[in-house]
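Engineer: build me a structure from this.
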Amino acid sequence: MTMPIAVLLLAGAAGVLLLLVIVVIVSRGLNRSSAPAASVRVSPALARVLGRKAGGNAADKKKQASAVAAIVGAIAAVVTGIAVAKKFNDGDITPEISEISAGALHGTMINARNSDPVVLIVPGSGPTDRDGNSPLGLKTDAYKLLAEGLIDRRIASVRIDKHGMFGSAGAGNPNAVTPAVYADDIHAWIDAIKEERGSDCVFLLGHSEGALMVTLAAQGRDDVCGLILVAGMGRTMGDVIREQLKANPANAPILDEALTALSELEAGRHVDTTGMTPALLPLFNAGVQDYLISVLTIDPVEELRIAGKETLIVQGDHDLQVSVADARLLDAAPKTELRIISGMNHVLKDAPEDRAGNLATYADPDLPLADDLVRRIRNFVKDND
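Structural biologist: You can find the predicted model right below:
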């Protein structure tokens, strides 16, 4: 039991005890005032002259009225004390960090009050874990820092490991997924969070590829409070990957090979990776091709229109992977508001514009989040809660 809750219970118990003492004292006083030794019988006519009624005197009635007032005052004092204690308790709860599951899916919940709004944080592409890190060299703690920033502003959160990965390894093969599978997983998370906290609805926050997944998952769900799309694509994933490949000068020797493979997958055809340049295998390996075929041609703007939810679009202007132009395309959908954060890159940190300096932030978990990110999310959540 936390100290504030103990204070609340103690105050309530003290108030009830005080009320009982007052009732006992008043009752004894009334008993004394109505004892036979002090009573005098008078006729109704004489009672009228003396200002009495046949059943008692004016002093008795005054004492009775005082007793009622004392009891009412005691009740009011108890109610006021509990309200004050409750207010104290509401602002002084230590957040609880706990493991939460939705079937074979696992994540981390940070929660202080079940009455607070809650945000489900869905990771970006690849083997990215619930904290925003990856065995491929990504060490940012971005989602962990985001959850900590939100709870400081009275917003609970659940951040998750994706289907078949890390804590959710038991959910199945991480490569045997489609956007529909991810949407089903998000639905399972919404249901689990509602059951755990008694929430009416859940805000869905998707980062990078996760922005598209939460958009798909929100369609047809009345229990989605709103969408928060952070560094989300405004074009098809195929177009975004094509731009990323072209933007990196190091890809020049393998660019034609990469673009040819991408076009084949966009057309729904698998690519033979025998003899493929090793540097391209993480992107085009046979195990992920079914997923790529299912997702490369989805139009995020059209899906956002179908979702029809109040949506916050957050984009950094130093993002090397997704551009401000993408955010503006998403903003063309209804019920959206766009917030551009100066200096923020794709992993939600303040970063320089130059490529080397920007990428260095991808391996530094000690860097804080970009200054304005949490405030923008907080404002949107409070406005739509």
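
Engineer: on the three-state scheme, the spatially most central residue of the chain is what?
Structural biologist: Residue closest to the average C-alpha location in the chain (C-alpha atoms, centre = their mean): Val119, at 1.9 Å. Following DSSP: H, G, I helix; E, B strand; the rest coil, we place Val119 in the strand state.

Engineer: isn't it up against Asn384?
Structural biologist: No - when contacts are counted by C-beta atoms under 8 Å, Val119 is not listed as touching Asn384 (11.3 Å). Placement of C-beta: from N, CA and C, glycine included.

Engineer: any idea how far Asp317 lies from His207?
Structural biologist: 17 Å (C-beta to C-beta, to the nearest Å).

Engineer: neighbour count for the two, which is higher?
Structural biologist: Ranked by neighbour count (other C-beta atoms under 10 Å), Asp317 and His207 place His207 first, with 28 against 14.

Engineer: now do the contacts for that one.
Structural biologist: 121-124, 132, 142-143, 230-232, 348 (C-beta atoms under 8 Å, 6 or more residues apart in numbering).

Engineer: between the residues you listed, which is nearest Phe166?
Structural biologist: Pro123 (9.9 Å; C-beta to C-beta).

Engineer: can you give me the strands for the stretch 101-250 of the chain?
Structural biologist: 105-111, 118-122, 133-134, 138-139, 156-160, 202-207, 224-230 (DSSP state E, counting those that start in this stretch).

Engineer: returning to that earlier point: overlap of the contact sets of Val119 and Asn384?
Structural biologist: In contact with both Val119 and Asn384: Phe203, using C-beta under 8 Å, 6+ apart.

Engineer: so what's Ala217 closest to, chain neighbours aside?
Structural biologist: Ile186 (3.7 Å; C-beta to C-beta, 6 or more residues apart in numbering).

Engineer: nope, Leu359 is what I meant
Structural biologist: Nearest to Leu359 is Leu320, by C-beta to C-beta, 6+ apart, at 7.4 Å.

Engineer: again, but for Leu330
Structural biologist: In space, Leu330 is closest to Gly234, 4.5 Å off (C-beta to C-beta, 6+ apart).

Engineer: I figured the one you found hits Val324, correct?
Structural biologist: No - the pair Gly234 / Val324 is not scored as a contact, 9.5 Å apart, by C-beta under 8 Å.

Engineer: okay, these two: which has more neighbours?
Structural biologist: Taking other C-beta under 10 Å, Gly234 and Val324 do not tie; Gly234 has more neighbours (26 against 15).

Engineer: got the contact list for the residue nearest to Ala217?
Structural biologist: 120, 122, 204, 213-214, 217.

Engineer: among these, who's most crowded?
Structural biologist: Neighbour-wise, these (other C-beta under 10 Å) top out at Val122, 31 neighbours.

Engineer: okay, that one and Asn133: tell me how far apart.
Structural biologist: According to C-beta to C-beta, Val122 stands 15 Å off from Asn133.

Engineer: Val214 too?
Structural biologist: Taking C-beta to C-beta, one finds Val214 at 20 Å from Asn133.

Engineer: which phi and psi values does Asp364 adopt?
Structural biologist: Here is the backbone geometry of Asp364 (degrees, to the nearest 10): phi -130, psi 90.

Engineer: what do you get for Asp383?
Structural biologist: According to degrees, to the nearest 10, Asp383 has phi -70, psi -20.

Engineer: and what of Lys349?
Structural biologist: Dihedral angles (degrees, to the nearest 10) for Lys349: phi -110, psi 160.

Engineer: ok, the one 4 residues further on next?
Structural biologist: Summarising the backbone geometry of Glu353 under the convention degrees, to the nearest 10, its torsions are phi -70, psi -30.

Engineer: so who does Gly103 touch?
Structural biologist: Here Gly103 is in contact with 171, 188 (criterion: C-beta under 8 Å, 6+ apart).

Engineer: tell me the bridge partners for the nearest residue to Ile190 once chain neighbours are set aside.
Structural biologist: Of all residues not flanking Ile190 in the chain, Val202 sits nearest, at 5.0 Å (C-beta to C-beta, 6+ apart). Note on Val202: beta-bridge partners Val224, judged by DSSP bridges.

Engineer: how many neighbouring residues does Val202 have?
Structural biologist: Neighbours of Val202 (other C-beta under 10 Å): 26.

Engineer: re earlier: go through the contacts of Ile186 and name the one nearest Arg242.
Structural biologist: Minimum distance to Arg242 across the contacts of Ile186 is 20.6 Å, recorded for Met213 (C-beta to C-beta).

Engineer: how far away is the closest residue to that closest one other than its chain neighbours from Ile190?
Structural biologist: In this structure, Met213 finds its nearest non-sequential neighbour in Tyr182, 4.5 Å apart by C-beta to C-beta, 6+ apart. Per C-beta to C-beta, Tyr182 is found 13 Å from Ile190.

Engineer: what is in contact with those two at once?
Structural biologist: With C-beta under 8 Å, 6+ apart, Tyr182 and Ile190 have common neighbours Ala217.
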